[in-house]
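*Asks:* Next comes the sequence, and after it the predicted model I'd like to discuss.
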Amino acid sequence: MIANNVANANTTGFRREEPIFTEYVRRLLDSPSISETRIGASAFGEEQGEFIETKSPLDIAIEGPGWFQVETPRGERLTRAGTFLRNPDGALTTPAGNPVSGEGGPIRLPAEASRIVIAEDGTVSADGAPIGRIALFTADPTTLVREGDTLFRSTGEVTALDNPKVRQGFLEGSNVNAVFEIAHLIEVQRAFEMSQQLVVKEDDRIKRAIETLGGAG
């Protein structure tokens with residue numbers, strides 16, 4: 001997870017992931033039970049990523065909470081990556097060709113429109129005439145499953161966001177703090193090395209015990 005966070009420190013709309021450790025008790029035969037831990041789930045950081053100005057009229061950043069919803073061949077998915085394009089049919093899509101959901105259906109941009117304006121509430125206007133409104137959604141973070149780098153599938157309920165706020169001509173960068181993640185990676189590597197040394201020492205202890213008992217016999 002940490003390595004993937006570092007690798008996507010510059011990926012538009014990327015959400016850092018961190019593990020959630022859970023404790024459980026395992027019963028042993030003829031011995032006291034022991035407490036162990038494992039990664040039971042993961043969580044995605046909800047911190048706002050840095051806004052990057054592009055001046056492109058179809059680049060959109062979400063300010064505050066919320067997700068764009070896009071239609072993929074596998075169904076509806078959520079994303080914070082607001083790099084959008086106009087396809088040959090006029091639909092507003094992601095670079096992968098997935099249509100962006102609007103209130104009442106996909107957003108379609110007239111071919112003859114020379115100026116596209118996206119208001120703070122997501123209303124899209126072409127040459128001064130409103131043509132639709134980009135819909136933003138909310139979902140319980142614990143229900144999100146990452147698909148690729150910036151798409152998420154929700155296993156729970158997805159609801160429309162009240163009072164959405166977007167910024168045209170901007171993209172939201174990754175919310176990964178590269179310095180923190182690299183420091184965390186070093187910390188994990190050191191912990192692994194300590195555990196590895198413990199295993200080696202225990203193996204040596206058992207070997208010496210066997211040799212001692214063998215010699216005594």
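*Replies:* That came through fine.

*Asks:* list the contacts for residue 64?
*Replies:* 48, 165 (Cβ atoms under 8 Å, 6 or more residues apart in numbering). Heads up, the C-betas are built off the backbone N, CA and C, glycines and all.

*Asks:* what about it, distance to residue 162?
*Replies:* Using Cβ to Cβ, to the nearest Å, one obtains 11 Å as the distance from residue 64 to residue 162.

*Asks:* which of the residues in the longest helix along the chain are buried?
*Replies:* When every helix of the chain is counted residue by residue (DSSP state H), the longest turns out to be helix 178-216. Within helix 178-216, the residues that count as buried by 16 or more other Cβ atoms under 10 Å are 181, 184.

*Asks:* Give me the neighbour count for residue 111.
*Replies:* Neighbour count for residue 111, taken as other Cβ atoms under 10 Å: 10.

*Asks:* Please read the previous query as pertaining to residue 45.
*Replies:* The burial count assigned to residue 45 is 17, neighbours taken as other Cβ under 10 Å.

*Asks:* who are the neighbours in contact with it?
*Replies:* Taking Cβ under 8 Å, 6+ apart, one finds 15, 16, 17, 18, 175, 176 in contact with residue 45.

*Asks:* State the pair within the residues you listed that is farthest apart.
*Replies:* Taking Cβ to Cβ, the two most distant members of the contacts of residue 45 are 18 and 175; they sit 11.5 Å apart.

*Asks:* Settle it for me: which of those two has more neighbours?
*Replies:* Just comparing residue 18 and residue 175: by other Cβ under 10 Å the higher neighbour count belongs to residue 175, 19 against 13.

*Asks:* Does the nearest residue to that one once chain neighbours are set aside lie in a helix or a strand, and which?
*Replies:* Counting by Cβ to Cβ, 6 or more residues apart in numbering, residue 49 is the residue found nearest to residue 175 once chain neighbours are left out, at 4.2 Å. Under the criterion DSSP states H and E, no helix or strand holds residue 49.

*Asks:* Give me the number of neighbouring residues for residue 49.
*Replies:* 21.

*Asks:* That one touches residue 10, doesn't it?
*Replies:* No. Using Cβ atoms under 8 Å, residue 49 is not in contact with residue 10, being 10.5 Å away.

*Asks:* where do the contact lists of those two overlap?
*Replies:* 173, 174.

*Asks:* What residues sit buried inside stretch 107-127?
*Replies:* Result for stretch 107-127 [16+ other Cβ under 10 Å]: buried residues 107, 108, 109, 113, 116, 118, 122, 123, 124, 125, 126.

*Asks:* With that, I have no additional questions.
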